[in-house]
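A.B. asks: attaching a predicted model along with its sequence, questions to come.
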Amino acid sequence: MRTLLFLFAGLFSFSLAAQAILPLKERAIVMEEIQHQRFTELLPALMKEHQLDAWVLITREYNEDPVVKTMLPPTWLNARRRTILVFTLDAKTGELSRAAITRYPFGKLIPSVWNKEEQPDQMKALVDYLTLKNPKKIGINTSENYGIVDGLAQTDYRLFEEALSSKLKKRLVSAEPLATAWIETRTSREMMVYNQLVEITHNIIAEAFSTKVITPGVTTTDDVVWWLREKVSSLGLKTWFHPTIDVQRSGKSDLYAFDGKSKFDVIQPGDLVHCDFGITYLGLNTDCQELAYVLKRNETKAPKELENALAEGNRVQDLFTDRFKTGRTGNETLAMALEAGRAEGLRPQIYTHPLGLYGHSAGTTFGMWDAQEGVPGSGDWPLHENTVYAIELNTKVYIKAWEKDIRVMLEEAGYFGPDGFAYVNKRQTKLYLIGE
């Protein structure tokens, strides 16, 4: 069903890169267009696919269910009071009804059906509405595998359950499959703008990895981190995590470790510089890791060993994404890719995650840096079409001139659709050269 709705042929050729970053008012218009398609085309298909007649989302202001946050009208920064949304699907007609049991309409797309003067009890009004719709299955946002789709607070659940009749109470089920699909699935409208998001990210990294920002022997890794934060802020954008800048170099005895410790090195000629950086724009997120080499005096290119190391990283990417197949789980794909890499003499680690409405999103997970044997739950989720991933991985490579191992750490947004896998906006195949 997802394939039929969201054929993706040719969308990567449509680029908004020539346009400036939109003003806030225009962003709201685009986000409303995206939400309209998600509510009118995507949600009915997903509810039918996952055989749910009703989906109830209950949340409160400043304690928003993460799924509700993806549905907020563009002019709402938070939910209001207690917000209750109900989606019901008519099994015969396939028609989706959208209703808000709230004091106000939920933006332009979900009307309020609650008259507080006639029924002061909001939970009773919700139960009355469900009784009228008479759904066989009522999904609520509870989940053991994904925090994003486990957003129903204990108090709201208790009040809802106490208000339900015994008949309706028996129809409650976890909405985890539906909510996960809602979070992970990208529509054609979203993919039309995703290319620009990634291109903006790449352009910011390219500027950071230049002498406009880095003066070798003077600039620290932390200086570049804060330049990235300031740059994003000056563009009217946001980062969804604090960036990382670190270096690997000859003579530095330690191999880069995932230890969470800050690196405050002064960037020097001959360094291999690595970034981890992502932005949020138009309700979507990017996550990117790329590499640069700082030229020494009289150098015009990076050492061949480092160029070859990047090529090994690209090979791991290919061995991994070539094994993407609809219905194959993240754990299965991970095991196959690691085996293939090791068979070629590579030393890979793969820790790829869903990307989209959230940075570390819900959906198929392919390992974690400290779980190369697979991830229970989220790693067992099968791969679906029309999904985006941060293709995040590394491979160890021995650099003879440095007499040590390095990690080639890469991360790029990739789309999996009806025609297979493709990077959203290319990938790094050449090192940035700082000082050229």
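C.D. replies: Received the coordinates, thanks. In this text, all values refer to a predicted model and were calculated from it rather than measured experimentally.
A.B. asks: only C-alpha atoms for contact and neighbour calcs from this point on.
C.D. replies: Noted.
A.B. asks: domain parsing for this protein?
C.D. replies: With domains defined by automatic domain parsing, the chain comprises 2-182, 186-434.
A.B. asks: switch the ones you listed over to JSON lines; also include mean pLDDT and mean neighbour count.
C.D. replies: Conversion of the domains of the chain to JSON lines gives the following (pLDDT from 0 to 100; neighbours: other CA atoms under 10 Å):
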{"stretch": "domain 2-182", "mean pLDDT": "87", "mean neighbour count": "17"}
{"stretch": "domain 186-434", "mean pLDDT": "93", "mean neighbour count": "19"}
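A.B. asks: in the stretch 101-250 of the chain, which spans are helices?
C.D. replies: 122-133, 154-163, 166-169, 176-184, 188-208, 221-234 (DSSP state H, counting those that start in this stretch).
A.B. asks: which other helices and strands does the fourth one contact?
C.D. replies: Under the contact criterion of 3 or more CA pairs under 8 Å, 6 or more residues apart in numbering; DSSP states H and E, helix 176-184 touches helix 43-49.
A.B. asks: now the element after the helix it packs on, going C-ward?
C.D. replies: strand 54-60 (DSSP states H and E).
A.B. asks: so which elements touch the helix or strand just after that next one?
C.D. replies: The element immediately downstream of strand 54-60 (helix or strand, assigned by DSSP H and E) is helix 66-69. Using 3+ CA pairs under 8 Å, 6+ apart as the contact test, no helix or strand touches helix 66-69.
A.B. asks: list the contacts of the next helix or strand after helix 66-69.
C.D. replies: Per DSSP H and E, helix 66-69 leads on to strand 82-89 as the next helix or strand towards the C-terminus. For strand 82-89, the external contacting residues (CA atoms under 8 Å, 6 or more residues apart in numbering) are 44, 47-48, 52-61, 95-102, 126, 133, 135.
A.B. asks: given strand 82-89, what are its sheet partners and their directions?
C.D. replies: Strand 82-89 has these partner strands in its sheet, going by DSSP bridges: strand 54-60 (antiparallel), strand 96-100 (antiparallel).
A.B. asks: run the chain-centre distance for it.
C.D. replies: Between the centre of strand 82-89 and the centre of its host chain there is 24 Å, according to CA atoms, centre = their mean, to the nearest Å.
A.B. asks: can you check stretch 294-313 too?
C.D. replies: Centroid separation for stretch 294-313 versus its chain: 31 Å, with CA atoms, centre = their mean.
A.B. asks: what lies in contact with that stretch?
C.D. replies: With CA under 8 Å, 6+ apart as the criterion, stretch 294-313 contacts 216, 268-273, 293, 346, 394-395, 397, 399-400, 408-410, 429-431, 433-436.
A.B. asks: quick one: residues contacting the residue lying closest to Leu52 once chain neighbours are set aside.
C.D. replies: Spatial nearest neighbour of Leu52, chain neighbours left out: Lys137 (5.5 Å); criterion: CA to CA, 6 or more residues apart in numbering. Residues counted as contacts of Lys137 (CA under 8 Å, 6+ apart) are Gln51, Leu52, Asp53, Ala54, Arg171, Leu172, Val173.
A.B. asks: quick check: Lys137 vs Lys167, distance?
C.D. replies: Summarising the geometry, the distance separating Lys137 from Lys167, computed by CA to CA, to the nearest Å, is 11 Å.
A.B. asks: go on, Gly417?
C.D. replies: Between Gly417 and Lys167 the computed distance is 41 Å (CA to CA).
A.B. asks: also Lys69?
C.D. replies: Using CA to CA, one obtains 30 Å as the distance from Lys69 to Lys167.
A.B. asks: ditto for Asp265
C.D. replies: Shown here: Asp265 relative to Lys167, a distance of 64 Å by CA to CA.
A.B. asks: now swap in Glu26 and tell me
C.D. replies: 46 Å.
A.B. asks: Asn141 now?
C.D. replies: Remark: distance between Asn141 and Lys167 (CA to CA) = 20 Å.
A.B. asks: can you list contacts of stretch 323-338?
C.D. replies: In contact with stretch 323-338 (CA under 8 Å, 6+ apart) are residues 316, 319-320, 348-350, 364-367, 372-375, 378-385, 416, 420-421.
A.B. asks: what's the span of that stretch, first residue to last?
C.D. replies: Counting by CA to CA, you get 11 Å between the two ends of stretch 323-338.
A.B. asks: distance from that stretch to the middle of the chain?
C.D. replies: Here the centre of stretch 323-338 is set off from its chain's centre by 19 Å, with CA atoms, centre = their mean.
A.B. asks: restrict the host helix or strand of Phe416 to CA atoms and write it as CSV.
C.D. replies: The secondary structure element spanning Phe416 is strand 404-417 (assigned by DSSP H and E). Output for strand 404-417, consisting of C-alpha atoms alone and laid out as CSV, is shown next (Å, rounded to 0.1, in the frame of the first residue of the first chain):
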residue,chain,number,x,y,z
LYS,A,404,48.2,3.1,13.9
ASP,A,405,44.5,2.4,13.2
ILE,A,406,42.0,5.1,12.5
ARG,A,407,38.3,5.0,12.3
VAL,A,408,36.6,6.2,9.0
MET,A,409,33.3,7.5,10.5
LEU,A,410,30.6,8.3,7.9
GLU,A,411,26.9,9.2,8.1
GLU,A,412,24.6,10.2,5.3
ALA,A,413,20.8,10.4,4.8
GLY,A,414,19.6,7.6,2.6
TYR,A,415,16.1,6.8,1.2
PHE,A,416,14.7,3.4,0.7
GLY,A,417,11.8,3.2,-1.8
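A.B. asks: begin at 10, not 1, for the rest of this chat.
C.D. replies: Okay, using 10 as the starting number, the last item reads as strand 413-426.
A.B. asks: downstream of that strand, the next helix or strand is which one?
C.D. replies: Per DSSP H and E, strand 413-426 leads on to strand 429-432 as the next helix or strand towards the C-terminus.
A.B. asks: pairing partners for that following strand, with directions?
C.D. replies: The strands that strand 429-432 pairs with in its sheet are strand 413-426 (antiparallel) (by DSSP bridges).
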